[in-house]
Structures are given as structure tokens and as C-alpha cells.
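> Here you go, sequence then predicted model.
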Amino acid sequence: MPKSASSQTRPTPPVRRGPPPVRRGRFQAFTRTMWVLFGGGLVVALLYLGAVSVNFMNLFGRMPNLHALENPKSELASEIYSADGVLLGKYFRENRTPVEYKDLPQNVIDALIATEDVRFEEHSGIDFKSIMRVVGSLGHAGGGSTLTQQVAKVLFKTRADGLNNGTLNGPGKLGLLITKTKEWLLAIKLERNYTKREILRMYLNTVDYGSNAFGINTAAKTFFNKRPKQLTTSEAATLVGIVNAPSRFSPATHPARSKRRRNWVLQQMVRANYLPADEMRRDTAKAIVLHYSVESSIQGLAPYFRTEVAKYLQAWARETDHDLYADGLKIYTTLDSRMQTYAEKAVAEHLALQQKWFSAHWKGQLPWRDENGKVIPGFLEAAMRRTQRYKSLVERFEGNKDSVRYYLNHKYPMTVFSWQGEQQVNMSPMDSLAYYKRYLRAGFLAVNPLNGYVKAWVGGPNYKFFKFDHVRQGKRQPGSTFKPIVYTAAIDQGYSPCFPRPDVATTFPGVAGRAPYTPHNFEGSFSGRTFTLRQALARSMNSITAWLVYKLGPETVVAYAKRLGITSPIDAVPAVGFGASDCSIYELCGAYGTFVNKGVWTNPIMVTRIEDKNGNELRRFVAQTKEALSEETAYVMTNMLQASTTEPGGTSTILHTGFKFNTTIGAKTGTTSNYSDAWFMGITPNLVCGMWIGGEDRSIHFRTGAYGQGARLALPLYGIFMKKVYADKSLDVDTGPFPLPAAPLTIELDCSKYYGAGQRDTIPYEQKMVQPKLDELDDKDI
């Protein structure tokens, strides 16, 4: 019987031990293809990375060399210190002062890692998870740069033209890829050469926080007036929040936006388990309280002095391949911060009062006058043509006079200087020029004559508004402060301080078409009485100085000026003894210092030593000196200069009678024609001070000696300064007599027996002057 279909036995299918032959071949082909592509891509990537590393055929721009990688350099501000250890200021393009890792607060480090690179401790320079996140989001999930890459970017300036001048570099995506590649390569090398702590320190010391603050140290001071260690968690989060976009998230300019950014940083710290949630809630509720102050080169003590130091050191920097504004140098100066403070206060106090008198003196009138007292026509226009503003306008409008005139007379809001504080006004450039022309200027210098150390330097009323330095840069006729050089030559030529000479006219004959010259005394007449040379210098008598120049010859006086360190050109003319040739306060202080320093001229010196950022001494400075006079001549001159303060009729007796100084002081006043310049020089056994007061232009001055002569306009500044100095017992100021020479004196100094009847006036010189009346002055006159 045949079997049913259901009962028929079906053949057992064969067990498959792999894909069919055809499918197996396809998989193997696919695998081989993937390995070829992957291997080929890897080779291409390696070749690409190698090509970028060596800048193959200059396609990619250069990479930093090995030395740069081992010694990464960021711009560091150089610091300048006073002799008593006070930080005077900084020189910088990027205001950056680094700190050590131990001085970095943990809250700043935590905020930084939580915000910028949460896997910082895990990666080796490149965070592939972050890169994949950015790629997956098509760039909308933030940046993928690690902290190490950011350090590479800042330290080696990977976005600068010098590293991106290859053929393939450009503003497009290819150029960005090449730049990013360099940063990846540099990051890997940095991770190999430095620890994580060192990389964190590099980052926090280099990053830009805006407001001219580079590095956490400067940023903490700029925004909160604190050291980094003193920052609260909220403040740390604020600063970390800035670095992503300093102009956008600055708490100084965008407080609301900065607060939102700070709160986001605090939230990131909670997510990264660096901050408890309850502390985050307390901090996010707080306002950002700033103590904001942008540090600038004009802030702090002695801005005129610091500017001159920078000029002085530029030649050294070029010779030694140093950058004063980027190498983090430590510059140690001779300046005494206490004396500098007293000098700045004295200049401000005295000049503000003199300005009040000057404004009242010329109230309702134009002060720029010719020798006959007439207003100088076109004075302001001529002065404006010398300015950079005028030259820029002429260039901008291609010489079109109407356009230039329009902008010179168009009013703008501006901040101007006044002795009552800065004022907000609307002025045209012409108005501003006229306004500042009416201000008196001043220069003041104090030097230790025994070593040449500059102790105080004030170059003008206010550095922010008056940049011109009247200590070394400015040169004016020194007037009678030049006379001691004439008397020095006379002593060396055998004249005694007790040598008698009548107060009569001396006439220099005309030479080569020049008319005969007869100098007159300040009073305009000659008494005919006889005076000793000591008396004559004390009273600053022109007649006897003229006679000495006549006897010695102008060439001899010029030669002595050069011996005493006057480097400015001096004309050998009959008026040489009255300071007819311009020189600076700086030069005169060196000359007078020779008298105090036993005949040794010492060039005033500003800097003692320079160290690099690691404290290694780079150079030590020593003052230039030379033997200029004998000890005896130098001592005789200190004695003769004392006569100005002690001799009845002396031009500086007010220092004892008015300021009540009971110390040894030598002095000399100086006044030039029309009272254009007022000078005073004061010497003590270890301090020489020189000062000048006048208008910016010689044509701007007082009209009478009651206001404008040296004893009236300049001398009180010295008295104000010395009163402050003497009151500070921490200062080493010698109040005793000038030391005698080693050898016995051969020149007679006691001239009392030579005085004739009526020669010892009992009325001090200053009391003879008509004093200004200030009853009706008010602050509006300034």
C-alpha cells in the first residue's frame, strides 16, 4: 500500500557552516575595502600631519621650533621699583604679571576646568569626545578646544600672520583646518613637555580678560583690586566667564550679561561636582561688586621719571636683545618714593596757587606778549600749525583751508585739566589750545650729589595732560642760576670771595657790528658802593658778574660750564654769565652737585640694576664721574652759595626768616628777561634740588618781578618741598654743615672785615618786593 504524503520522509537539509560561496566573497571584499580605506586614510592623515609639521613646500606656514616649545614665551610687563622697594609702575603692551601655581586659588582652577575642559585631567592635549560632539552638532555645541590647545593658541600665536603665510592658508575652512591642526600638534607636544599644573599656570597667566588685563593676577587687581588668592568663588566664576569673549562678558561694560555668564559658570561647577548646589544658589543671587580700575602707564608715582627711564633703557634693550615691554624685567631705580611724593605734592600745592595769581594777573587779557608788552598777532594760529592735529587735518583734507579751519573751530565734548579736578567741557581745538597756553608749567629735580642718585623728579603739572618733561627734555635760559659757574672760574683764577668790587657799570665793546653791551642790575641802576664777591653773588648783582666775565673772558666761562657737565650749546658772548644760553634742570643739578661732592662731577643716574623675570641680574649701573674742580674751590662755592640764605640782602634769606629752616642751605635764584623764566637751585650736604617755573612759551609770563622773579615764583616751591622732607625723620637728609676739604683752606672766607659802612642791609631781599594782592581772587580765576 503506498505511503501517504504526510508519512513520507523528507530529506534533512545540510547544516550551514558559513555563507554561500558568493556571499562569503562579497564580505571579504568589503572587509578588504574598509581596511584599505582606513589604512589609506591613516596614511594620508599621517602624511598630512607630517607635512604640516615641516611646512612641506611652504604650503601650511611655519611651526614653532623646538626651542620655542621648550621655552614658551608670553609678553610679561616689566616692573619699575623705587630705591625703597615701592612699585612705581609697569612697562607693557599686554599688562601681564605671572603668578606661581601655589598662588592660584582652587576656586579659579575648578571654575576653569568645569567650564572650558571638564576632561582636562584625562586627555593628552586633544579631547576626541569634544571633537565628535562638535562634529555631530555641526558646530552648534560649542568649541572642542582643550585648555592645552588654547594655551598653544595664545603662547605661539597660531592665528598670527607669521604662522599662517603658507600657500594653502587663508580665511576659509581649509585655512582654519590647518590652524587647528597646528594647535592639535602643539597641544600634544606641550602635554609631553609639561605637567598638567604647569599647563594650567600657563593658561591662567596668559589669557586675555579685557580691560588691558592679561593673566589672572592683573585681572583680579583690575576688576576686584585683589590678589588671586583672595578671590571668592563668585568672583572666580566671573573672571573665568570673561575669557570666552572679554568684550562681550566684561562686568564693567555689560554687568547683566556678565552676571548671567557667571551664574552659568557656577552651574557648570555644580555639574562637575566642584561646588555644592546650595552654595551655587547663594552665589547666583549675589550682585557682582566691582572695584574696577584699569592700570595704565600714567598711573602711580613719578610718570615723567618713568618715561625718561624707558627712553634711557631703550638703547640697552636694543644692544642686549631685550624687550622692555614684554620681557618681565625688574628695574630698580634710585628714586625715593617718599621724596617723590613730597615733590609731587609740593609742585601741585605751589603751582595751583601761582596759577591763581597768574589768572588774576591776566584776567580779561591775552597773556602772549612780545618784548614791548604787545599782544602777538596770530600767536594761536602759529602754535596750532605746529601741532599734530593740524598736520593730520591738512593731510586728511589735502590742504583745503576751509575744511581745516572748520574742524579746528568745531566744538567737541572733552575732558580738560584744572587744579580743582578734571572738567567736562565743550571746546574746539582752538579753544583747547588757548586754554592750556594760559597754564604755568614747572620742573623739579632732587639729586643726591654724593652718588648722583635721582631722588625725586616732577616734569610738569600733570602727566596725563602735559606730557612734555621740563626736567631734562625742556631747556630754557637759566638766568642768574648760571652765575655760580662764573664765580667758580673766578675763584680758580685767583679771586677771593672777599675780593672787593664797586657796583658800577661794565661795558663790553661792540664786535663785528654788534653794539656795545652794558648789563644793568635788577633795579636798573648802580649804587657805586663796594661789595665783596661773596656779597655780590648773594645779592645776584649783575654789575659785578659782568665785570668778572669781562676779566675772565666769555670763553673761559663756557669752558667751566663744560667742566661742570653742561652739555647744551653755550654761546661765548658777554651775556653768558647771565644764563643767556638754554640748558636743563638736569644739567644744572649735575653742576651744583659738583660743589657739594668736593669737586667731582657726577652725572645724575636713574637706574641701579636690572634683573630678568627669574631674578638674575642683567646689568648694574654706575654713575659717570670726573674730577672737575679742586676740593678747595668746590668748598668755597658751597660757602658762597650759603651767603644767599644768610647774608643780609641775599636773595634767599626767606628760607631762614620765612620758612624757619635752621639747617645749612646754599641757594641761588634766577630770573630771565621779561620774567619769562623763574629758577631756583638749593643745596644741602647730600641733596641738590633744581626747579623752574614759567609758561609753555617764553612770551607767556608775569609782567612784574613781584610775581615773576625766581625768588618769588620758584623759591617757595623749594621751601614747601624741604619742609615736608625735614618733617619725615625716616629720610636720611644731612642738615649739618658742608664737610671741609681734606687739606687746610688757603682761601679766606671771613669777609666781615671788608664790609664798609652801610653795606650790611638789615631788610631781607624778599621783603623789599611788593607782594601781590589776592583778596579778590576766587577759584573761577584759574
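Received, thanks.
> So for Phe128, what's the pLDDT?
You'll see Phe128 listed with a pLDDT of 75.
> ok, now which ones touch it?
If a contact means CB atoms under 8 Å, 6 or more residues apart in numbering, then Phe128 has no contacts. In this view, the C-beta of every residue, glycine as well, is placed from N, C-alpha and C.
> so who does Phe578 touch?
Remark: with contacts taken as CB under 8 Å, 6+ apart, Phe578 is in contact with Gly479, Ser480, Phe482, Lys483, Pro519, Asn542, Thr545.
> now, among the residues you listed, which is nearest to Pro685?
Here the nearest of the contacts of Phe578 to Pro685, counting by CB to CB, is Lys483; it sits at 21.9 Å.
> could you give me the average pLDDT of the helix or strand harbouring that closest one?
With secondary structure defined by DSSP states H and E, Lys483 is part of helix 483-492. Predicted confidence along helix 483-492 averages 98 (mean pLDDT).
> I'd like the next helix or strand past that helix.
Past helix 483-492, the next helix or strand by DSSP H and E is strand 500-502.
> Can you spell out which helices and strands pack onto the helix or strand that that following strand is followed by?
Where DSSP H and E defines the elements, the next helix or strand beyond strand 500-502 is strand 530-532. Where contact means 3 or more CB pairs under 8 Å, 6 or more residues apart in numbering; DSSP states H and E, strand 530-532 is packed against strand 500-502.
> So which bits of the strand it packs on are buried?
By 16 or more other CB atoms under 10 Å, the buried positions in strand 500-502 come out as Pro500, Arg501.
> Now do that strand, average pLDDT.
For strand 500-502, the per-residue pLDDT values average out at 96.
> Tell me the strands beside that strand, with direction?
Strand partners for strand 500-502, identified by DSSP bridges, are recorded as strand 530-532 (antiparallel).
> if we look at the strand it pairs with, which residues are touching it?
Outside of strand 530-532, the residues within contact range by CB under 8 Å, 6+ apart are 497-503, 539, 541, 544, 751, 754-756, 759.
> now the contacts of Phe578 in JSON lines, with distance to Thr320 and neighbour count?
Below are those laid out as JSON lines (distance: CB to CB, whole Å; neighbours: other CB atoms under 10 Å):
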{"residue": "Gly479", "distance to Thr320": "41", "neighbour count": "25"}
{"residue": "Ser480", "distance to Thr320": "43", "neighbour count": "27"}
{"residue": "Phe482", "distance to Thr320": "38", "neighbour count": "28"}
{"residue": "Lys483", "distance to Thr320": "43", "neighbour count": "26"}
{"residue": "Pro519", "distance to Thr320": "51", "neighbour count": "19"}
{"residue": "Asn542", "distance to Thr320": "50", "neighbour count": "23"}
{"residue": "Thr545", "distance to Thr320": "47", "neighbour count": "25"}
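> Number of residues surrounding the nearest residue to Ala572 once chain neighbours are set aside?
With CB to CB, 6 or more residues apart in numbering as the measure, Pro554 is the residue that lies nearest to Ala572, at 4.0 Å, once sequence neighbours are left out. By other CB atoms under 10 Å, the residues close to Pro554 number 20.
> Just confirm Pro554 contacts Ile570, I think it does.
No: contact between Pro554 and Ile570 fails when scored by CB atoms under 8 Å: they sit 9.0 Å apart.
> Show me whatever sits in contact with both of these two.
If you check Pro554 and Ile570 against CB under 8 Å, 6+ apart, the residues they both contact are Val576.
> Next, work out how far apart Cys689 and Met339 are.
Distance of Cys689 to Met339, computed by CB to CB, to the nearest Å: 10 Å.
> scratch that, Gly577 is what I was asking about
32 Å.
> overlap in contacts of Cys689 and Met339?
Applying CB under 8 Å, 6+ apart, one finds that Cys689 and Met339 are jointly contacted by Ala446.
> Helices of the stretch 201-350 of the chain, start to end?
Read by DSSP state H, counting those that start in this stretch, the stretch 201-350 of the chain holds these helices, from start to end of the chain: 216-224, 233-242, 246-249, 255-271, 277-284, 303-320, 337-361.
> For Asp208, find the nearest of the ones you listed.
Minimum separation from Asp208 across the helices of the stretch 201-350 of the chain (CB to CB) falls at helix 246-249, 5.7 Å.
> Can I get that closest one in CSV, CA atoms only?
The C-alpha trace of helix 246-249 is given here as CSV (Å, rounded to 0.1, in the frame of the first residue of the first chain):
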residue,chain,number,x,y,z
PRO,A,246,36.2,89.6,27.0
SER,A,247,34.4,92.4,25.3
ARG,A,248,31.0,90.7,25.5
PHE,A,249,31.1,89.4,29.1
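> In it, which residues are buried?
Across helix 246-249, burial judged by 16+ other CB under 10 Å covers Pro246, Phe249.
> Please list all residues in contact with the residue nearest to Ala572.
Asp571, Ala572, Val573, Pro574, Val576, Gly577.
> hang on, the fifth one packs against Glu555?
It refers to Val576. No: under the contact definition of CB under 8 Å, Val576 does not touch Glu555, with a separation of 9.0 Å.
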